[in-house]
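[1] can't give you the sequence, but here's the structure:
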Ligand SMILES: Nc1nc2c(ncn2[C@@H]2O[C@H](COP(=O)(O)OP(=O)(O)OP(=O)(O)O)[C@@H](O)[C@H]2O)c(=O)[nH]1
């Protein structure tokens, strides 16, 4: 559905067909923490998706649009595919699967320092039902001594008949031009689907909430990072300042106490860090106010997952 809308936009934007121009969708999939968001940001040279060392940081499919003279790449950063423990986990996997079904080529990113595990066989099973070109992106090669790199490439090659294997370091931006070149080979000819200056399909409100969630991920541990949803409740221009009121939802009373912290120290420090980054993003002074609310066990309630905008397929269905 999303794809159909884009192709329609493509016709409106460009009218006629540009000769030899290529454009298409690349789904970036992989286990949690493989480096999907780091790769997206490195390719786009901008922070499109938040990153952290906590698994399942990404919850929505986030498109990053890279427009070159001869090609428009639409990368879809997906939630890490994992064995779900809750309804939210099942929805996140579903979001990733829908991106895989809609794309022209799958970029399966793995942490090159790790061996093929049960999480990978889970992904492989899905991939095998789709009959799409699959490029294995072997990430984190900065952590591999040179003599081990070749061994790891051979090791991963044995796991599946990949169309291509590209070793990279998303963190060091190493070998990304080669990766783009490989992806381009699998994209169909067609005009750009998005305006040249557009870098993401998510609006500013979504990105502002994500920045707050990122600060929470950095500062909290165990269950809290996974239990948090951030909702924008008010946004008001007051002179040359922006007033933002956001609600941080957790799923247990005890988490609310930890998130607020002794003498509200924790929530204050989250607020100040987020405020600083939001100021850079918006280019004006920001007054951020954060409230914390408990929605018991929200991650197991479909209506809450939808209300917090985490079910991509639901959003498409509603259109
Ligand atoms: N050394 C090294 N670390 C990396 C590289 N790419 C990503 N990381 C780190 O791996 C961690 C996870 O990165 P993310 O980009 O958030 O991973 P993700 O796959 O989007 O994670 P989920 O959203 O949980 O699915 C972060 O701490 C990154 O800094 C890399 O090339 N080298």
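    Arrived safely, thanks for sending. Treat the numbers as computed from the prediction; the structure is a model and nothing was measured.

[2] please count neighbours and contacts with C-alpha atoms only from this point.
    Noted.

[3] and the gap between the nearest residue to residue 300 once chain neighbours are set aside and residue 99?
    Spatially, and ignoring its direct neighbours in sequence, residue 300 is nearest to residue 87 (4.7 Å; Cα to Cα, 6 or more residues apart in numbering). Using Cα to Cα, to the nearest Å, one gets 19 Å for the distance from residue 87 to residue 99.

[4] ok, the two, which is more surrounded?
    Legend: neighbour count by other Cα atoms under 10 Å for residue 87 and residue 99, higher for residue 99 (26 against 14).

[5] the more buried one contacts residue 60, doesn't it?
    No. Judged on Cα atoms under 8 Å, residue 99 makes no contact with residue 60 at a distance of 10.5 Å.

[6] picking that back up, unless I'm mixing things up, the residue nearest to residue 300 is touching residue 299, no?
    Yes. The pair residue 87 / residue 299 is scored as a contact, 6.1 Å apart, by Cα under 8 Å.

[7] ok, back up a step: find residues that contact each of residue 99 and residue 60.
    Counting by Cα atoms under 8 Å, 6 or more residues apart in numbering, the common neighbours of residue 99 and residue 60 are residue 78.

[8] hey, where'd the helices end up in the chain?
    2-14, 36-44, 87-102, 118-130, 146-157, 176-184, 204-219, 224-227, 253-260, 265-282, 302-307, 312-318 (DSSP state H).

[9] packing partners of the third one?
    Using 3 or more Cα pairs under 8 Å, 6 or more residues apart in numbering; DSSP states H and E as the contact test, the elements touching helix 87-102 are strand 22-30, helix 118-130, helix 302-307, helix 312-318.

[10] so which of the ones you listed is the most surrounded?
    strand 22-30 (a mean of 27; mean count of other Cα atoms under 10 Å).

[11] one step back: now render the helices of the chain as JSON lines, adding mean pLDDT and distance to residue 139.
    What follows is the helices of the chain, written out as JSON lines (pLDDT from 0 to 100; distance: least, Cα to Cα, whole Å):
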{"stretch": "helix 2-14", "mean pLDDT": "52", "distance to residue 139": "28"}
{"stretch": "helix 36-44", "mean pLDDT": "94", "distance to residue 139": "9"}
{"stretch": "helix 87-102", "mean pLDDT": "90", "distance to residue 139": "19"}
{"stretch": "helix 118-130", "mean pLDDT": "90", "distance to residue 139": "14"}
{"stretch": "helix 146-157", "mean pLDDT": "92", "distance to residue 139": "11"}
{"stretch": "helix 176-184", "mean pLDDT": "98", "distance to residue 139": "11"}
{"stretch": "helix 204-219", "mean pLDDT": "95", "distance to residue 139": "22"}
{"stretch": "helix 224-227", "mean pLDDT": "91", "distance to residue 139": "24"}
{"stretch": "helix 253-260", "mean pLDDT": "95", "distance to residue 139": "33"}
{"stretch": "helix 265-282", "mean pLDDT": "97", "distance to residue 139": "28"}
{"stretch": "helix 302-307", "mean pLDDT": "92", "distance to residue 139": "31"}
{"stretch": "helix 312-318", "mean pLDDT": "51", "distance to residue 139": "27"}
